[in-house]
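Colleague: After the sequence you'll find the predicted model.
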Amino acid sequence: MTNSQPHQPSRVLLPGVALLLFVAGPVLIGIGGYLGWKHADLTADWALSLARLGSVLFWVGVAALLSALILEGVRSVAQQQLQLMRNESDRD
């Protein structure tokens, strides 16, 4: 056995789900906005259903994008805390 320091990560990585949300959010916003805008003034049953679907997709996209931004903020705070702890351990 060697008396070596345990491996310490140098960077906090963004979770894969956040990357997926960063990609899916704008896509859902675009598709939902298009469907809602294109079919909002029509009166046929299928058009109203598509307008509702567009609204749902738009707001799911907004929620996905906000969730991704929150995850990025948490990662950023964790990275700052890791750097502070590393600086504290280097001083000792």
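Modeller: Noted; the coordinates are in hand. Numbering: from 1, shown residues only.
Colleague: Can you get me a residue count around L57?
Modeller: Other residues within reach of L57, judged by other Cβ atoms under 10 Å, total 20. Using the backbone N, CA and C atoms, a C-beta is placed for each residue, glycine as well.
Colleague: Let me fix that, I meant to ask about E88.
Modeller: If we define neighbours as other Cβ under 10 Å, then E88 has 9 of them.
Colleague: go on, A40?
Modeller: 13.
Colleague: So it sits against A51, correct?
Modeller: Yes. At 5.0 Å, A40 and A51 qualify as touching, with contact defined as Cβ atoms under 8 Å.
Colleague: Now for G32, how many residues are close by?
Modeller: Quick note: G32 (other Cβ under 10 Å) scores 20 neighbours.
Colleague: I'd guessed it sits against S55; true?
Modeller: Yes. Judged on Cβ under 8 Å, G32 makes contact with S55 at a distance of 6.7 Å.
Colleague: Could you find the closest non-adjacent residue to F58?
Modeller: G32 (3.2 Å; Cβ to Cβ, 6 or more residues apart in numbering).
Colleague: Quick check: V27 vs G54, distance?
Modeller: Distance of V27 to G54, computed by Cβ to Cβ, to the nearest Å: 13 Å.
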